[in-house]
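Colleague: just need the structure, nothing else, for what follows:
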Amino acid sequence: MRRFALTVLLLTIGPSLRAEDVNQTFGLYVSGLKAGSIQISGRLSGTHDDGQYILEGALSPTSLMRHFHDVGYSGVVQGALRDGQVLPAAYHSHTRTESRENEVKLHFTKTTPVVELYSPSREPRDYDLDPAAQNGVLDPLSAAHLVFRDQTSADLCNKVIEVFDGRRRTRLTLDMPTDTGADTTCTGAYSRIAGFSPEDMQEQVNFPFTLVYTKGDADIYTLSSFTTETTFGRAEATRK
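Modeller: Now for the predicted structure:
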């Protein structure tokens, strides 16, 4: 995703609002080998009860990772902050999965996604979803922000996040946090819900993960690392 798109969207955020920069970078390792990096950057303006957000995210693989599993992601989203929740308005992403590349553009009418573009197009299949029936979902980047962002103990984990990427519906389930002293651990699962082929659903449905947050000042917890199971091995990400 070109940074020009992010710059244009940032101009829509009024300068009179209080602004908070977002800059989160994680090193990604698969089976102990450096596989790439994950980054979310952008800006929050106003307050969590009444504000706006603009985020850019990327998964950038190393050359070694690309040789075995050619995956990558870049995306940008803008939306509103209401009562501690994120309400996406417009989302645009490019995803590469092995030999397949997709470009997606969504906008949201209240909390219902509208697919403007899903490229390349294909013939309808019997497991395809109706986007108009996916009310209350988030785009993948807004969902990731809810997990990656700094948060208070009251907001930490213990939630279910419904996600729609323009074709498939997934779910992030985060259990109650467990305090281990300096760190707080949350377990959960990423689950394929609908819109996937029967072959994908037969391969694997639930992908367990563990999140580790470190407590800082003023009851603020920062995500320091997470581990998850993928279709190509155990992955671990540590904050840089």
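
Colleague: assign Leu156 to helix, strand or coil.
Modeller: Leu156 falls in the coil class when you classify it by DSSP: H, G, I helix; E, B strand; the rest coil.

Colleague: doesn't Thr185 make contact with it?
Modeller: No - with contacts defined as CB atoms under 8 Å, Leu156 does not count as touching Thr185, sitting 10.4 Å away. To be clear about C-beta, it is placed using only N, CA and C from the backbone, and glycine gets the same treatment.

Colleague: between these two, point out the one with more neighbours.
Modeller: For Leu156 and Thr185, the more surrounded residue by other CB atoms under 10 Å is Leu156, and the numbers stand at 20 against 15.

Colleague: find the nearest non-adjacent residue to the more buried one, please.
Modeller: In space, not counting the residues next to it along the chain, Leu156 is nearest to Pro177; the distance is 4.9 Å by CB to CB, 6 or more residues apart in numbering.

Colleague: how near is the one you found to Cys157?
Modeller: For Pro177, the distance to Cys157 equals 5 Å [CB to CB, to the nearest Å].

Colleague: quick one, which of the two is more surrounded?
Modeller: Neighbours per residue, other CB under 10 Å: of Pro177 and Cys157, the larger number sits with Cys157, 21 against 17.

Colleague: centre-most residue in this structure?
Modeller: Ala144 (2.6 Å; CA atoms, centre = their mean).

Colleague: next up, the contacts around that residue.
Modeller: Ala144 makes contacts with Ile40, Gly57, as judged by CB atoms under 8 Å, 6 or more residues apart in numbering.

Colleague: I'd like the distance from the strand or helix carrying it to the chain centre, please.
Modeller: Ala144 belongs to helix 140-148 when assigned by DSSP states H and E. Chain-centre distance of helix 140-148: 4 Å, with CA atoms, centre = their mean, to the nearest Å.
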